[in-house]
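# Structure for this input, please:
(one chain, ligands or ions: 1)
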Amino acid sequence: MSAHTQTTANMAHQAGSHILAAGDDAIVVENFSKSYGSHRVVDHLSFSVRRGEVFALLGPNGAGKTTTVETLEGYRSPDEGTIRILGLDPIHEAVTLKPQIGVMLQQDGLYPALTAREILRLFAGYYENPRNIDELLERVGLTSAAKTRARRLSGGQKRRLALAVALIGNPTLVFLDEPTAGMDPQARLTTWEIVRELKQQNVSILLTTHLMDEAERLADRVAIIDHGKLIALDTPANLTGVQNANVVRFVAPAGLDCPQLAALPSIGKAEEVRPGSYLIETKEEGSLPNVLVELTTWLRDHNITLSELHVGHGSLEDLFLRLTGSEVRE
Ligand SMILES: Nc1ncnc2c1ncn2[C@@H]1O[C@H](COP(=O)(O)OP(=O)(O)OP(=O)(O)O)[C@@H](O)[C@H]1O
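Model (predicted):
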């Protein structure tokens, strides 16, 4: 092949792969399973994350989130199924893939004797087009701690540094495993702002979190997994039914007779979700005013004091509890 033909072929290949890549999903997981010994922790999981999407993976402890994320990052191999990250195999094409992804780990496996700036300089050296270190330190709120050795950083500062490490290489796709766990409210807000900025720059983000409000605020779509299986996948608005106000929540003494409440004509369901905290769903759309009349009449007739009453749609936390039967923990 002549040099010209070869260049043309390369250009066509590059153009072709670019067009292909642009239409591709950032992450494709198909039928992925993983066991530790005889314990299957991920069970035929399939989902995809679009380019520029913020995708949250939720699930109770031990649901298989970290195993999934670590497999997507190329640190574990799937027993079954196919995984494509930016169109590439995370293990066999790791050399091409690694410069394009950023990973914020749950554990801050950073060099304890190096300063925050030295750690970022070290990681910047692995990338072709790293971010400016001082700007990044400023963005994550670590300017004043730039010369502090990692072992002397507070827990929250270590998380900020782990986030900066994930972003130093200007990644196309970022994995954030419980990014705000252990952060103070200010750092949490900064992290949320950074996630939104990344999204505006069309960076794809896979997020795991135990914070339902974090998922609700940030994620375009949420997947809930339990025992390694996908049990829900949709936008937060669709999952919580934000379009229809069909839920009444109230606080009253614990131990009310929920079956009796559920038997009222306009009430579809009545549950005590936590002691003294009740959730009621309407039987039909639009019957909320009737539900309120029936509920307050019932409470008055039984001489029950009401301390809070909210009307609206379900929350992600309600759905999570209902689907998994597990309390969310931070
Ligand atoms: N290396 C390992 N060897 C054996 N079992 C493991 C290993 N890593 C994880 N497990 C088990 O696999 C299951 C899934 O763990 P995983 O960490 O993926 O869950 P998770 O959803 O991330 O949980 P958490 O919310 O607690 O971080 C758990 O029962 C865990 O004990």
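
# any idea of the pLDDT on Gln14?
Per-residue pLDDT puts Gln14 at 39.

# Name the residues that touch stretch 233-251?
Under the contact criterion C-beta atoms under 8 Å, 6 or more residues apart in numbering, stretch 233-251 has outside partners 47, 215-216, 219-224, 232, 276-282, 285, 288, 291-292, 295, 306-316, 318-319. All C-beta spots, glycine's among them, are computed from the backbone N, C-alpha and C.

# In it, which residues are buried?
233, 236, 239-241, 246-250 (16 or more other C-beta atoms under 10 Å).

# domain assignment for the protein?
Structural domains assigned to the chain are 11-239, 244-312, following automatic domain parsing.

# Relative to Thr324, which of those is closest?
domain 11-239 (4.6 Å; C-beta to C-beta).

# So which bits of this protein are right by the ligand?
Residues of the chain found near the ligand, taking C-beta under 6 Å from any ligand atom as the criterion, are 36, 41, 59, 61-67.

# which secondary structure element contains the residue most central in space within the chain?
The structure's the chain has its C-alpha centroid closest to Ala56; by C-alpha atoms, centre = their mean the separation is 2.5 Å. Here Ala56 sits within strand 54-58, counting by DSSP states H and E.

# Pairing partners for that strand, with directions?
Using DSSP bridges, the strands paired with strand 54-58 are strand 204-208 (parallel), strand 221-226 (parallel).

# Put the alpha carbons of the longest one into PDB.
What follows is strand 221-226, C-alpha atoms only, in PDB (Å, rounded to 0.1, in the frame of the first residue of the first chain):
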ATOM      1  CA  ARG A 221     -31.700   8.200  34.500                       C
ATOM      2  CA  VAL A 222     -31.600   5.900  37.500                       C
ATOM      3  CA  ALA A 223     -31.100   2.200  37.600                       C
ATOM      4  CA  ILE A 224     -32.000   0.400  40.800                       C
ATOM      5  CA  ILE A 225     -30.400  -3.000  41.300                       C
ATOM      6  CA  ASP A 226     -31.000  -5.600  44.000                       C
END
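
# Let me know the next secondary structure element after it.
Using DSSP H and E, the next helix or strand after strand 221-226 towards the C-terminus is strand 229-234.

# List the contacts of the residue nearest to the centre of the chain.
207-209, 214-215, 218-219, 221-223.

# Number of residues surrounding Ser307?
Residue neighbour count, defined by other C-beta atoms under 10 Å, stands at 9 for Ser307.

# Can you tell me how far the nearest residue to it once chain neighbours are set aside is from His310?
Using C-beta to C-beta, 6 or more residues apart in numbering and skipping residues adjacent in sequence, the residue nearest Ser307 is Val251, 4.8 Å away. Counting by C-beta to C-beta, to the nearest Å, the gap from Val251 to His310 is 9 Å.

# Same check on Ala145?
41 Å.

# Over to Ala124?
In terms of C-beta to C-beta, Ala124 sits 48 Å off from His310.

# Looking at these two, which has the bigger crowd around it?
Ranked by neighbour count (other C-beta under 10 Å), Ala124 and His310 place Ala124 first, with 17 against 10.

# show me where the stretch 51-200 of the chain has strands.
54-58, 80-85, 101-104, 173-177 (DSSP state E, counting those that start in this stretch).

# could I get the ones you listed as CSV with mean pLDDT?
Output for these, formatted as CSV (pLDDT from 0 to 100):
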stretch, mean pLDDT
strand 54-58, 96
strand 80-85, 96
strand 101-104, 94
strand 173-177, 95
